[in-house]
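Chemist: Could you look at this predicted model? Sequence included:
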Amino acid sequence: MAKPSSSPRKRIVLLGATGSIGENTLRVIAAHRDRLELVGIAARANHARLAQIARDFGVGHVAVFEDAAYAAAKSGGGFPAGTQLYGGLSGLTALAQLPGADIVLVAVVGTTGLEPALAALAAGKDLALASKEILVLAGKFVMAAAKKHGAKLLPVDSEHSAVFQCLEGHPSAARGEPGRTGVRRIVLTASGGAFRDWPAERLAHVTPADALKHPTWAMGPKITVDCATLANKGLELIEAQALFGLRAEQCTAVIHPQSMVHCLVEFTDGAMLAQLSPPSMTFPIQYALLHPDRAPGVEPALDFTRLLGFEFRPVDELRFPCFRLARQVMAAGGVAPAVFNAANEVAVAAFLSGSIPFLAIPRVIDQTLQTVENFEPGTLAAVLDADAHARRTAGAVLPTVT
């Protein structure tokens, strides 16, 4: 167990500091410098931006994941004197265990953050999790690690933060304990992505530039494409199942174009709680970092003196086959969610590079799921092996779907 920090401020390590989650986290920290202190930052390659952040926030520990960028950072990256630089996955892991840090926010894309996340939990750090792939890949192992080491796991995704907030104060709330009788189901909301209102026949001609025009949120390329296919919402349902100890049939989603209602939680008596806030990631990030306290937000709250209209639609699983496949793997369990996630990452990368059309993404996932055998993993190594096997399989499938 890590020793409590002597600082009156929460000391934060931010893995993924230069992405959209990272930039919003910096806004929250800047607004609450009396309560939050940034002590470690990491990024995949953008060492110039890391250097600027280090100067602006007085950060002494910096990690750069990619080898070439790490070498460039060491040779003259513009970091303040005395900055300690770390490289590669081992560098991210070292930052996650940084002595004196109180909370580690993992916002790196994909599954790269799994090892640092587990390292943070093993060191007794609280974990603020924005990388949903980590729980999709290894949910039971991550939740077990948090319980073993007495660390809090605080969701940063807006939908999971919303569920967490709605469940606080209820029995076993937000601790991922199975068997709660009070919750009938949770309903996550989805914007519907860039193509929610497009005629179905136009989807055959979608370009990467089209897919990256999200109607509500400003996010990175991969997650923006995932929103367009609704794979993202499927991944979030799988994550919610792990986080809150729910059965697959207790987790569902609806289309909500306004992106102001982030979840609904229905209890066994039929009552529902909802969490509302403007579509900005600063709200869930601040809630995670300051938990259990609240403070004035970075951005204005919803203004109910203006006319606000909330629309909800069921998800059309024929239009969004990735969502249907995600629900199937959530029910199947085992390594199926990890296989889904791996195949989706391969397919989205191929789409963004122009190698496959948009409508081929769910076909890659489907064929991969049909090829890779599902089983209940006994170890994390078995999950990682299944992940690697799924990526190889998806890569072999790519030429057959163009």
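Modeler: That came through, no problem.

Chemist: so where do the strands sit in the protein?
Modeler: Remark: strands of the chain, listed N- to C-terminal, are 10-15, 36-43, 61-64, 84-87, 103-106, 126-129, 153-155, 183-190, 251-255, 261-267, 272-276, 313-314; assignment by DSSP state E.

Chemist: Tabulate these (JSON lines), appending mean neighbour count, mean pLDDT and distance to Ala396.
Modeler: Where C-beta positions appear, they are placed from N, C-alpha and C, glycine not excepted. Listed next are those as JSON lines, based on neighbours: other C-beta atoms under 10 Å; pLDDT from 0 to 100; distance: least, C-beta to C-beta, whole Å:
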{"stretch": "strand 10-15", "mean neighbour count": "25", "mean pLDDT": "98", "distance to Ala396": "31"}
{"stretch": "strand 36-43", "mean neighbour count": "25", "mean pLDDT": "98", "distance to Ala396": "31"}
{"stretch": "strand 61-64", "mean neighbour count": "26", "mean pLDDT": "98", "distance to Ala396": "32"}
{"stretch": "strand 84-87", "mean neighbour count": "18", "mean pLDDT": "97", "distance to Ala396": "32"}
{"stretch": "strand 103-106", "mean neighbour count": "26", "mean pLDDT": "98", "distance to Ala396": "30"}
{"stretch": "strand 126-129", "mean neighbour count": "26", "mean pLDDT": "97", "distance to Ala396": "31"}
{"stretch": "strand 153-155", "mean neighbour count": "24", "mean pLDDT": "96", "distance to Ala396": "35"}
{"stretch": "strand 183-190", "mean neighbour count": "21", "mean pLDDT": "95", "distance to Ala396": "31"}
{"stretch": "strand 251-255", "mean neighbour count": "20", "mean pLDDT": "96", "distance to Ala396": "31"}
{"stretch": "strand 261-267", "mean neighbour count": "21", "mean pLDDT": "96", "distance to Ala396": "38"}
{"stretch": "strand 272-276", "mean neighbour count": "16", "mean pLDDT": "96", "distance to Ala396": "42"}
{"stretch": "strand 313-314", "mean neighbour count": "10", "mean pLDDT": "96", "distance to Ala396": "35"}
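
Chemist: Could you export those strands as a markdown table, including distance to Pro116?
Modeler: Rendered in a markdown table, the data for these read as follows (distance: least, C-beta to C-beta, whole Å):
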| stretch | distance to Pro116 |
| --- | --- |
| strand 10-15 | 6 |
| strand 36-43 | 8 |
| strand 61-64 | 9 |
| strand 84-87 | 11 |
| strand 103-106 | 6 |
| strand 126-129 | 10 |
| strand 153-155 | 14 |
| strand 183-190 | 26 |
| strand 251-255 | 27 |
| strand 261-267 | 26 |
| strand 272-276 | 28 |
| strand 313-314 | 38 |
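
Chemist: Indicate which one of these is closest to Val372.
Modeler: Shortest distance between Val372 and the strands of the chain, using C-beta to C-beta, is found for strand 251-255: 23.0 Å.

Chemist: Keeping just the C-alphas, turn that closest one into PDB.
Modeler: Provided in PDB are the C-alpha atoms of strand 251-255 (Å, rounded to 0.1, in the frame of the first residue of the first chain):
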ATOM      1  CA  CYS A 251     -26.900  -3.400 -19.400                       C
ATOM      2  CA  THR A 252     -28.400  -1.600 -22.500                       C
ATOM      3  CA  ALA A 253     -28.100   1.700 -24.400                       C
ATOM      4  CA  VAL A 254     -30.300   4.200 -26.300                       C
ATOM      5  CA  ILE A 255     -29.500   6.900 -28.800                       C
END
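
Chemist: who's in contact with it?
Modeler: With C-beta atoms under 8 Å, 6 or more residues apart in numbering as the test, strand 251-255 has contacts from 185-192, 196, 233, 236-237, 240-241, 312-315, 323, 330.

Chemist: Quick check: neighbours of it in the sheet, parallel or antiparallel?
Modeler: For strand 251-255, sheet partners with direction are given as strand 183-190 (parallel), strand 313-314 (antiparallel), following DSSP bridges.

Chemist: Please state the offset of the longest one from the chain centre?
Modeler: Just to be clear, that refers to strand 183-190. 17 Å (C-alpha atoms, centre = their mean, to the nearest Å).

Chemist: what's the burial count for Glu133?
Modeler: Here the number of neighbours of Glu133 (other C-beta atoms under 10 Å) works out to 25.

Chemist: for His389, that is, sorry about that
Modeler: As a burial measure, His389 scores 18 neighbours (other C-beta under 10 Å).

Chemist: which residues touch the closest residue to Lys152 other than its chain neighbours?
Modeler: Spatially, and ignoring its direct neighbours in sequence, Lys152 is nearest to Asp126 (4.3 Å; C-beta to C-beta, 6 or more residues apart in numbering). If a contact means C-beta under 8 Å, 6+ apart, then Asp126 has 102-104, 151-154 as its contacts.

Chemist: ok, Leu15 touching Val108?
Modeler: Yes: in this structure, Leu15 sits in contact with Val108. The criterion is C-beta atoms under 8 Å, and the distance is 5.4 Å.

Chemist: so what sits against both of these two?
Modeler: By C-beta under 8 Å, 6+ apart, Leu15 and Val108 have these common neighbours: 42, 92, 116.

Chemist: Confirm for me that the first one is in contact with Val59.
Modeler: What it means is Ala42. No: with contact taken as C-beta under 8 Å, Ala42 and Val59 are classed as non-touching, separated by 10.3 Å.

Chemist: Where does pLDDT dip in the stretch 101-250 of the chain?
Modeler: Along the stretch 101-250 of the chain, the parts satisfying pLDDT under 70 run over 171-181, 215, 217-218.

Chemist: same thing but 50
Modeler: Screening the stretch 101-250 of the chain residue by residue with the criterion pLDDT under 50, one finds the ranges 173-179.
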